[in-house]
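Student: only geometry, no sequence info:
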């Protein structure tokens with residue numbers, strides 16, 4: 001399975017199981033976010049600790065999650081970025097738009113109670 005979703009009371013954690021988040025799997029990730037949003041989940045943590053590469057389609061799915069959460073007054077937090085993924089996000093200047101923390105426990109701390 002490419003993506004593992006764990007739903008808590010106030011938020012959901014989506015962990016990637018893919019080394020490359022690209023055109024081959026980013027639409028699946030986007031679909032996970034849409035399903036969560038339709039279920040009323042508007043606080044999402046995306047854990048990218050297993051992902052070493054992310055292309056523009058991967059970034060697009062991340063931005064979709066960010067928008068879905070924001071549009072429903074929720075919180076989207078990105079964590080566990082590998083160096084190459086962090087660089088890609090910086091190059092695209094998304095580090096100014098996205099809420100990014102180092103580890104999952106810090107991401108959980110960002111979630112509303």
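Tutor: The structure has been received and is ready for your questions. These figures come from a predicted structure and were not determined experimentally.
Student: Next one: the most centrally placed residue in the chain relative to residue 69, how far apart?
Tutor: Most central in the chain under C-alpha atoms, centre = their mean is residue 46, positioned 3.1 Å from the mean C-alpha point. In this structure, residue 46 and residue 69 are 10 Å apart, going by C-beta to C-beta, to the nearest Å. All C-beta atoms are positioned from the backbone trio N, CA, C, and that covers glycine.
Student: Please enumerate the shared neighbours of those two.
Tutor: residue 76 (C-beta atoms under 8 Å, 6 or more residues apart in numbering).
Student: Adjacent strands (with direction) for the host helix or strand of the residue nearest to the centre of the chain?
Tutor: Applying DSSP states H and E as the criterion places residue 46 in strand 43-47. Strand pairing for strand 43-47, determined by DSSP bridges: strand 12-16 (parallel), strand 75-79 (parallel).
Student: Identify, out of the ones you listed, the most deeply packed stretch.
Tutor: Most buried of the strands paired with strand 43-47, by mean neighbour count (mean count of other C-beta atoms under 10 Å): strand 75-79, with a mean of 22.
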